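1. Any chance you could fold what I've pasted below:
(one chain, ligands or ions: 1)
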Amino acid sequence: RSIMKSLGKLRKIFAVGVTVLMAVSLFAGCGDEKKSADSGKSSNVAEDIAAIKKRGVLRVGVKNSTKGFGYQDPATGKFTGLEVDLGEALAKKLGVDVEYTPVTAATRTALLDSGDIDMVAATFTITPERKKSWDFTTPYYTDHVGVLVEKASNINSLADLKGKVVGVSSGSTSAKALVEAMIKAKVIDGEGFDPKNFDAATWTKGVSFKQYADYPAISTALTSGEVSAFCVDKSILAIYHTDDRTFIKEEFAPQDYGLATKKGSGMSKYCEEAVQGWLKDGTIKKLMAKYKLDK
Ligand code: GLU
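-> Numbers count the residues shown, from 1 in each chain. Have a look, this model is predicted:
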């Protein structure tokens, strides 16, 4: 109860809508960063790490409705998930508290660019295009893209999606992944498809898209019939998979998730070293088991 009280107090200290949790000792062995690690180095790369330490808080952008990765309990405000734990472990390593900011596919990069958050841990797929603008760590998880439909629609496959309108999130890889999968499956011929300049907003050959700011909006659009299908990574779709909905039989386009940071920043190096360590020492594996992501 007193922990809850002090948590409540802490929350008030920081901005509304952001839940703050003390970096607790869940990650034995990750918290003994040498105090002298940054001393004597005045490179730019060390500066952002020093700034985070001075601030005393690591700001992490996470999902708030992706169970197992980033999920915020509406009743308690508490964040849970593998990516939430990674953020907490990094904060612990840095010796600071952690502050979570809910992000979407549409908002995460702007929040990183503006410096509102120090890093993104939010089912963020590593792509060659994105790597030009941000640094990504080695992948810590791989998911596939899937398509969720209403059972009553009788859509069961990529072939059944021909001519349909599909709901996707703005700023996501989903639409391009679906078009590529439909081309591969020879459902559409792919004439005019240019992977480098693909735009979900203007693609109409064999399938078309409506883009939404967040996933609850796509789920509502699926119910109302505004779209015939909901396409994104299966981990994200899981929470919207109700009894009257089903996945089409195909899944495609493996999505490698990495922690994203500002290009060339100290955080990039810090995160990469941390992820490498966690992949080696079994931390990631344990978290996957903890959140049942290892099936
Ligand atoms: N993981 C995909 C992406 O990065 C889906 C969007 C999302 O993460 O919300 O584009």
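
2. what is the rounded mean pLDDT of the helix or strand containing Ala177?
-> Per DSSP states H and E, Ala177 falls inside helix 174-184. Averaging pLDDT along helix 174-184 yields 98.

3. Nearest spatial neighbour of Leu178, chain-adjacent residues omitted?
-> Distances taken as CB to CB, 6 or more residues apart in numbering place Cys231 nearest to Leu178, at 5.1 Å, with adjacent residues excluded. For glycine as for every other residue, the C-beta is placed from the backbone atoms N, C-alpha and C.

4. Residues contacting the helix or strand the one you found falls within, please?
-> Assigned by DSSP H and E, Cys231 belongs to strand 229-233. With contact meaning CB atoms under 8 Å, 6 or more residues apart in numbering, strand 229-233 is reached by 123, 125, 143-149, 153, 155, 161, 164, 166-169, 172, 174-175, 177-178, 215, 218-219, 221-222, 237, 240, 248, 255.

5. CA atoms only for stretch 169-181, dumped as CSV, please.
-> Output in CSV follows, covering the C-alpha atoms of stretch 169-181 (Å, rounded to 0.1, in the frame of the first residue of the first chain):
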residue,chain,number,x,y,z
SER,A,169,-1.8,1.9,-39.4
SER,A,170,-0.2,5.0,-40.9
GLY,A,171,3.6,4.8,-40.6
SER,A,172,3.6,1.0,-40.6
THR,A,173,5.1,-1.7,-42.9
SER,A,174,1.8,-3.5,-43.2
ALA,A,175,0.3,-2.3,-46.5
LYS,A,176,3.5,-2.9,-48.5
ALA,A,177,4.0,-6.3,-46.9
LEU,A,178,0.5,-7.3,-47.9
VAL,A,179,0.9,-6.1,-51.5
GLU,A,180,4.2,-8.0,-51.7
ALA,A,181,2.6,-11.2,-50.3
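
6. Distance from that stretch to the middle of the chain?
-> 15 Å (CA atoms, centre = their mean, to the nearest Å).

7. and what of stretch 178-196?
-> That offset, for stretch 178-196, works out to 25 Å (CA atoms, centre = their mean).

8. could you check whether it is close to the ligand?
-> No. Stretch 178-196 is not in contact with the ligand by CB under 6 Å from any ligand atom; minimum separation 11.6 Å.

9. next one: stretch 142-160
-> No. Stretch 142-160 lies out of reach of the ligand by CB under 6 Å from any ligand atom, never closer than 7.2 Å.
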